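Peer 1: Let me see the structure of the following:
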Amino acid sequence: MIAVMRTKAQAQKVSELTGCKVLLDEGKPTRKVSLTGDFEQYRDALESVSVLFQLCDDTGEKVPTGWTVTGASFEVEWPKDPQVASGIRSHFGARRFAFNWALTKVKSDMEAKKENSDHKSTPWTLEALPKQSNQGKNGIAPWWGDNSKEAYASGIADLVQALSNWSSSKHGKRKGRNVGFPQFKSKRKDVGRCFR
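Peer 2: So this is what the prediction gives:
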């Protein structure tokens, strides 16, 4: 099976995480990674790099049971069933929790760096922050399995974007009004959404 990533850098990262080889074209790396064995053993590694990838068989044909993720933003009618509504609110809360957890981690690293310049901080990336949360998820949020992992990933993705906007604004690389440092999300004020 072949995983086709969006960029060559993503393919290289998948290769490093899985131990599988990046396919070459005339001696140059491509966006394709050759996966050996069952896809499920690689799913977490691929999705930690990007949820936007294609699956192909060894001949390069798209796998009929594969999937492609596309994004859309739409509003739906709120469900009348209280149990369904509660489940949706739980996903909203999972996204907010992940955002706040990651922001706490970033602030903690910033404070530790002030006290000790040798402190190794977690990078503000979509690879590093989710990896950090996954390593301690049972201690951080023992109920994590109640919600989609994409809800948590969405919260961290929101923070990574907010940090990027703040940094770009601070260094004069962003047009428009100044962007402040991200703030914690509250249940009362946060817009309910759960997927990026």
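Peer 1: domains of the protein?
Peer 2: When the chain is parsed into structural domains using automatic domain parsing, the resulting residue ranges are 2-56, 82-170.
Peer 1: so how many other residues sit close to residue 28?
Peer 2: Applying other CB atoms under 10 Å, we find 8 other residues in the vicinity of residue 28. All C-beta spots, glycine's among them, are computed from the backbone N, C-alpha and C.
Peer 1: Please name the bridge partners of it.
Peer 2: Counting by DSSP bridges, residue 28 is bridged to residue 25.
Peer 1: per-residue confidence at it?
Peer 2: Looking at residue 28, its pLDDT reads 94.
Peer 1: how much space is there between it and residue 21?
Peer 2: Going from residue 28 to residue 21 by CB to CB, to the nearest Å gives 14 Å.
Peer 1: Please apply the same query to residue 120.
Peer 2: Distance from residue 120 to residue 21, by CB to CB: 30 Å.
Peer 1: Would you agree residue 17 is in contact with residue 48?
Peer 2: Yes. Under the criterion of CB atoms under 8 Å, residue 17 lies in contact with residue 48, with a separation of 7.0 Å.
Peer 1: all strands of the chain, in order?
Peer 2: Counting by DSSP state E, the segments of the chain that form strands are 2-4, 21-25, 28-34, 54-56.
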